[in-house]
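Novice: Output the structure for:
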Amino acid sequence: NGEFKEAIEWHGKAFKTHGSLGDTLAQCGDICNAGNAYLNAASAGDVQAVSSAEECFGLGHVIALEHDHRDAAATASAGLANCQKMRSNLGMVQTDSVKA
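Specialist: Sure, this is the predicted structure:
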């Protein structure tokens, strides 16, 4: 679906823009929004998108922890948990991507 692709591309551009501005909190939001767009693609049948969502949420989690953005870290952790739920719903192998 082109709608998911457009959302992912838009959030990727926002991530880069906020990075050039040094706004790490906004970057966390951008990358988690991209993760959600990948999860939406997965729920629409693109099972490969789950791994991409995990990468996005994982990166958001790392950035959030490095810059002490606790709420953003919690959002990224919740996104990683949603990836596990999606894997389960799709009958995929579970991973150990969820970090405490």
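Novice: What ranges in this structure fall below the confidence cut-off?
Specialist: Within the chain, the stretches falling below the threshold (pLDDT under 70) are 1-2, 94-100.
Novice: State the distance from the residue nearest the centre of it to Ala78.
Specialist: A centroid search over the chain (Cα atoms, centre = their mean) returns Gly35, at 2.6 Å, as the residue closest to the centre. Gly35 sits 10 Å away from Ala78, taking Cβ to Cβ, to the nearest Å as the criterion. (C-beta placed from N, C-alpha, C; glycine too.)
Novice: Can you work out which residues contact both of these two?
Specialist: Shared contacts of Gly35 and Ala78, defined by Cβ atoms under 8 Å, 6 or more residues apart in numbering, are absent.
Novice: from what I can see the residue nearest to the centre of the chain touches Ala49, true?
Specialist: No. With contacts counted by Cβ atoms under 8 Å, Gly35 stays clear of Ala49, the gap being 9.7 Å.
Novice: contacting residues around Cys56?
Specialist: Contacts for Cys56 (Cβ under 8 Å, 6+ apart) come out as Ile31, Cys32, Ala34, Gly35, Tyr38, Gly79.
Novice: For those, could you give me CSV that also reports distance to Gly60 and secondary structure?
Specialist: Compiled in CSV, the contacts of Cys56 are given as follows (distance: Cβ to Cβ, whole Å; DSSP: H, G, I helix; E, B strand; the rest coil):
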residue, distance to Gly60, secondary structure
Ile31, 4, helix
Cys32, 5, helix
Ala34, 9, helix
Gly35, 7, helix
Tyr38, 12, helix
Gly79, 7, helix
